[in-house]
Structures are given as C-alpha cells and as structure tokens.
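Colleague: just coords:
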C-alpha cells in the first residue's frame, strides 16, 4: 500500500469515528438492529436449508425472539420490582451496621478522627431515594415530559429496533454479498480471510458469551432463590451480567450474596455454605461445560482488555460505544495478531548476523 493510500485509509477511519461521535444519539436502534440480525442470521439460514423461504424464516426467527423477550419482561419485571423494594429496605440496615460496627473498627485501627465517615447524611439520602420509587418515577416522567424531542426520540428508537432488525435480517446475505463486491480485487482473499477470523471471534463472543452469561445468571438466581435469599434473582442476574468478564461475575455475585445472606439470616454457617456452593457449582459449570461448549478458545480477549474496551467505549461514545466496544476490540485483536506475524517475518525481527562476543574478547 502506498503512502497516499495509507493516509487515505487513516483519514477515512478518523472521519468514521467523528461521524459515530456526532450521530450517537440516533445510532442505538441501528446498532441493536445489526446485533439482532447478526445473532439471528445462522438460525434463519438453518431454517432456509430446511425449505422455508427467507422471508418466512426471518418472520419465524423474529417471532421467537419477540416472544422470548415478552415472556422475560412479563415474568422478570414484577419479581425484580419486589426485590428492588427489598433492597431499599436492606440499604439502611447495611449502613447502620457500617456505622455501628464496621467503620468504628476501621476508625480505631487507623486512628481516624470522629465524624470522619458522615454516614448519617448518606443514609438519609439513600433511604429517601430508594424508598420512594414513585418519586423516582415522577421525576423521570417530568424530565422526559419537559423535553418533547427526547420523548419523541425514545419512542422512535423503541419502534425502530424491531423494524431495522427485521429488514436487516431478511437482507443480511444480500448485504454481505454486495459488500464483498466492493473489496479491492487484488486483496480480496486477504481481506476475506481477515474478516473470516473477525467473524469467528465476534461470533464466538456474541453468541457464546451471551449464552454463558444467560446460563450463569439463571443458575445463580435459581440457586439463591432455592436457598430462600430475598435478593436471589437480583444478585443472580447481576452476577450473570458481570460474567462478561471472566471471574468477575463470580466475585461480584458471591460477595453480594454473602452480604445479603448475613443481613437476612445472620452468620448462619449452613446458609453461607449454601451460597458458596451455588457459586462453586456455577464456576464448575462455566469452566467445564459452558465455556468449552459455547465459546471455546476462539475469543482470546484478556479480561483486562475486555474491561478497558467497555470503559473506553462508554467514555468516548456513550451507550453506542459500549455496544461497539467488544466487537471493535475483537477486530483489533485479530489485526494485531497478523501484525505480530508480519513483524516476526520482517528483517527488523531477524536474527542478528553479528556473532556474540567470546570469553576471550571480554
């Protein structure tokens, strides 16, 4: 590639990033639509191979996705609402324990001055906000209602996601074929190979890791609810979501569950052992069954890289950046792998032709 072409590609990349930054308020439904179409395309292709037309196959896939989402909302939202009310009751109790037992011990150990923590004000603020769900809803409605444009944009996005998803899923193969015809003819093989690796990594992560997160969240939530933990569903779902980073779901979930168990049951060793057993079973399932079966070893993203990518995407582009963070990181990882291979083959990396000094020379 000539120097002028390199600068042209660099300018195109900068322009694309700038456009994403400017258009991020309206990009969310389109990115969600692309994500749903990407996840649903293999199933639609399988249905096509069974004799269904593309439109009917997409309609069936779309109907299944929609039904599953509606069932999840109808079942989970009421349960989560009740658990959020429980959480609002536990927060003041937790702050009382910190104020009366935990923090005085820390204060005595480190010689901190009296009134250092100022927990009274924090407890009042948290208890007031968490306990008044209607007030939160009222304030949210006031904020949204004061901006007609924001309300219209939110409703438009809500309607656009299924519409964009349906049409992208229906025409996915056509779009991919047309994009391939735009590739430079001389480099088509190399680019298709790189895109194939990117597709393998992104597909493994999006399909595999999302299924692992869902399975772990289900295992954790069911296990904690069977133990009788009031916040079992909430903590299980939180641990499942945190499992996007390996071991973080386990760490976040077991700490939160142990704290909730102590507040609900006291220092009951059987209950604490039950919580540990639930997360131990979840970890064994993840390591021996879920990750090898659903994800494999194709992702290669280090946990620190995952955390950095999500935080950097959110910082730079907000929610749109969070959606793009891991696919972009996976693509960068594939490109860096090939740059590394080219570097190993380059003269710069080649072995030195100068003989090492002998003992007599030194």
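Modeller: Done, it's in. Note that the structure is predicted; figures quoted are calculated from it, not measured.

Colleague: tell me how far the longest helix seen in the chain is from the chain's mean position?
Modeller: Once the chain is assigned using DSSP state H, the helix that runs over the most residues is helix 3-49. Here helix 3-49 is found 18 Å from its chain centre; the criterion is C-alpha atoms, centre = their mean, to the nearest Å.

Colleague: what does stretch 193-201 give?
Modeller: Counting by C-alpha atoms, centre = their mean, stretch 193-201 is centred 20 Å from the centre of its parent chain.

Colleague: Need the pLDDT of the residue most central in space within the chain.
Modeller: Of all residues in the chain, the one closest to the mean position by C-alpha atoms, centre = their mean is residue 244, 5.3 Å from it. With respect to pLDDT, residue 244 has a value of 76.

Colleague: Give me the spatial nearest neighbour of it, chain neighbours excluded.
Modeller: residue 213 (6.1 Å; C-beta to C-beta, 6 or more residues apart in numbering). Where C-beta positions appear, they are placed from N, C-alpha and C, glycine not excepted.

Colleague: what is the mean pLDDT for the host helix or strand of that neighbour?
Modeller: Assigning secondary structure by DSSP states H and E places residue 213 in helix 210-226. Throughout helix 210-226, pLDDT has a mean value of 88.

Colleague: Which positions in it come out as buried?
Modeller: For helix 210-226, burial by neighbour count (16 or more other C-beta atoms under 10 Å) applies to 212, 213, 214, 215, 216, 217, 219, 220, 221, 223, 224, 225.

Colleague: and of the residues you listed, the nearest to residue 342?
Modeller: residue 212 (33.1 Å; C-beta to C-beta).

Colleague: if I read this right, that closest one contacts residue 289, doesn't it?
Modeller: No: in this structure, residue 212 is not within contact of residue 289 by C-beta atoms under 8 Å, at 9.8 Å.

Colleague: before we move on, back to that, who touches the helix holding residue 213?
Modeller: Contacting residues not belonging to helix 210-226 are listed as 39, 231-233, 235-237, 239-241, 243-244, 249, 253, 257, 275, 277-279, 281-282, 285-286, 290-291, 294-295 [C-beta atoms under 8 Å, 6 or more residues apart in numbering].

Colleague: So which residues make contact with the following helix or strand past it?
Modeller: Proceeding N to C from helix 210-226, the next assigned helix or strand is helix 232-242, under DSSP H and E. Applying C-beta under 8 Å, 6+ apart, the contact partners of helix 232-242 are 76, 79-80, 83-84, 87, 213-226, 229, 248-254, 256-257, 260, 279, 282.

Colleague: average model confidence for whichever helix or strand comes after helix 232-242?
Modeller: Toward the C-terminus, helix 232-242 is succeeded by helix 248-265 as the next helix or strand (DSSP H and E). Per-residue pLDDT values across helix 248-265 average out to 84.

Colleague: now do stretch 25-34
Modeller: On average, stretch 25-34 scores 80.

Colleague: quick check: angle from the helix holding residue 213 to helix 3-49?
Modeller: Orientation check (axes from the mean of the first three to the mean of the last three C-alpha atoms, to 10 degrees): helix 210-226 against helix 3-49 gives 60 degrees.

Colleague: by how many degrees do helix 210-226 and helix 232-242 diverge?
Modeller: Going by the same axes, to 10 degrees, helix 210-226 makes 160 degrees with helix 232-242.

Colleague: chain center to helix 210-226, what's the gap?
Modeller: Counting by C-alpha atoms, centre = their mean, helix 210-226 comes out at 16 Å from the chain centroid.

Colleague: related to what we said a few turns ago, filter the contacts of helix 210-226 down to the buried ones.
Modeller: Among the contacts of helix 210-226, the ones that count as buried (16+ other C-beta under 10 Å) are 39, 231-233, 235-237, 239-241, 243-244, 249, 253, 257, 275, 278-279, 282, 286, 290-291, 294-295.

Colleague: hang on, the earlier thing: tell me which of the buried residues of helix 210-226 is nearest to residue 205?
Modeller: residue 212 (9.9 Å).

Colleague: Correct me if wrong: residue 86 contacts residue 260.
Modeller: No: counting by C-beta under 8 Å, residue 86 does not reach residue 260; the two are 9.0 Å apart.

Colleague: Run through the stretch 251-362 of the chain and note the low-pLDDT ranges.
Modeller: For the stretch 251-362 of the chain, the stretches with pLDDT under 70 are 294-301, 319-320, 323, 351-362.

Colleague: just to revisit the earlier point, which one of residue 86 and residue 260 is surrounded by more residues?
Modeller: residue 260 (22 against 15; other C-beta atoms under 10 Å).

Colleague: and the gap between that one and residue 68?
Modeller: 28 Å (C-beta to C-beta, to the nearest Å).

Colleague: Helices of the stretch 251-362 of the chain, residue ranges please.
Modeller: For the stretch 251-362 of the chain, applying DSSP state H, counting those that start in this stretch gives helices covering 269-285, 303-345.

Colleague: closest one to residue 28 among these?
Modeller: helix 303-345 (5.9 Å).
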